[in-house]
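S.K.: take a look and give me a structure for this.
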Amino acid sequence: MLLMRNLLYWLILSVSAILMFLCVIPAMLFRQGPNKVGRAWARLLLWCLKNIIGLKYEVQGQEHIPSAPAIICAKHQSGWETLALQEIFPLQIYVAKKELFKIPFFGWGLKLAKTIGIDRKAGAKATQQLMQQGLARKNEGFWITIFPEGTRVKAGTRGKYKLGAARMAKLFEMDLVPVAHNSGEYWPRNSFLKYPGTVQVVIGEPVRHDSGDEVALMARCEEWIEAQQEQISGVGPCFDASLKAP
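M.R.: Residues are numbered from 1 along each chain as shown. Below you'll find the predicted structure:
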């Protein structure tokens, strides 16, 4: 039964991705039009996850979301958060690897929606790309979402936190909003199957951009996120019990 539900979800995703791209093209005539189409598509997929798969979510700390645009600094365990953060936070732009732009329809839509594309093999040039594109998106009124570990990590594990988010915070004078969640326990990395349950999302108090240097800002985000991960991890069906501290 779970397999059939997942097949239905993937069918809806595939068909709606094409329709979404076709809607994005005329939406380019309007300010932030492609991004609003993308958010509507994300909400459709979240509805499908809830009503077809049985995958829901709960949010703690919504009162910490600031009124001014900020940089969302989130844990990255699956594709789920790329959808849910669009529903939880105001209109935003993602920082993503440039290779995603090559994916038919979905990737093309990302590019039209002004996603910040980074060539991870470019070294120092990648940082320059991040700063240039990020400043342009800030000036357009967008929030910016970045996964500081740079890639998806298995639920219960920690990647290396990079300084890109903190550098943007300092340069753009935008606060950092740390976000923890346990989506990987229901939507494992690179898994076809998604599992029913309730993802826990925790939003922390903003880390002010003027409260320290880049290293200090990132350290505060990492410390808070990982502390929260310990509190909310170990409840989903796909969590590796061997990773849970005794």
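
S.K.: where's the residue most central in space within the chain, which helix or strand?
M.R.: Centroid-nearest residue in the chain: Thr82, 3.8 Å away (criterion: C-alpha atoms, centre = their mean). Taking DSSP states H and E as the criterion, Thr82 maps to helix 80-88.

S.K.: which element follows that helix toward the C-terminus?
M.R.: Sequence-wise, the next helix or strand downstream of helix 80-88 (DSSP H and E) is strand 92-97.

S.K.: tell me what the helix holding Thr82 is packed against?
M.R.: If you count contacts as 3 or more C-beta pairs under 8 Å, 6 or more residues apart in numbering; DSSP states H and E, helix 80-88 packs onto helix 33-48, strand 55-60, strand 71-74, strand 92-97, strand 176-181, strand 197-203. Yep, even glycine has a C-beta here, placed from its N, CA and C like the rest.

S.K.: worst mean pLDDT among those?
M.R.: Among the helices and strands packed on helix 80-88, strand 92-97 carries the lowest mean pLDDT, at a mean of 88.

S.K.: quick one: contacts of that strand?
M.R.: The contact list for strand 92-97, computed with C-beta atoms under 8 Å, 6 or more residues apart in numbering, reads 35, 72, 82, 85-86, 110, 113-120, 130, 134, 137, 142-147, 164.

S.K.: contact partners for the residue nearest to Arg189 when sequence neighbours are not counted?
M.R.: Distance criterion C-beta to C-beta, 6 or more residues apart in numbering; nearest residue to Arg189, sequence neighbours excluded, is Arg152 at 4.8 Å. Contacts for Arg152 (C-beta under 8 Å, 6+ apart) come out as His76, Gln77, Ser78, Gly184, Arg189, Asn190.

S.K.: need the nearest residue in space to the third one, chain neighbours excluded.
M.R.: To tie it back to what came earlier, the one meant is Ser78. Trp187 (3.9 Å).

S.K.: that neighbour contacts Tyr195, correct?
M.R.: Yes: contact between Trp187 and Tyr195 holds when scored by C-beta atoms under 8 Å: they sit 7.4 Å apart.

S.K.: now do the shared contacts for these two.
M.R.: Common neighbours of Trp187 and Tyr195 are listed as Leu55, Cys238 (criterion: C-beta under 8 Å, 6+ apart).

S.K.: when those two are compared, which one has more neighbours?
M.R.: For Trp187 versus Tyr195, the count of surrounding residues by other C-beta atoms under 10 Å is larger for Trp187: 24 against 17.

S.K.: got the contact list for that one?
M.R.: Leu55, Gln77, Ser78, Gly79, Trp80, Lys194, Tyr195, Cys238.

S.K.: three-state assignment of it?
M.R.: coil (DSSP: H, G, I helix; E, B strand; the rest coil).

S.K.: ok so Phe30 is a helix residue?
M.R.: No: counting by three-state DSSP, one finds Phe30 to be coil, located in no helix.

S.K.: contacting residues for the closest residue to it other than its chain neighbours?
M.R.: Nearest residue to Phe30 in three dimensions, chain neighbours excluded: Lys36, at 7.9 Å (C-beta to C-beta, 6+ apart). By C-beta under 8 Å, 6+ apart, the residues touching Lys36 are Ala27, Phe30, Leu91.

S.K.: longest single helix anywhere in this protein?
M.R.: helix 2-27 (DSSP state H).
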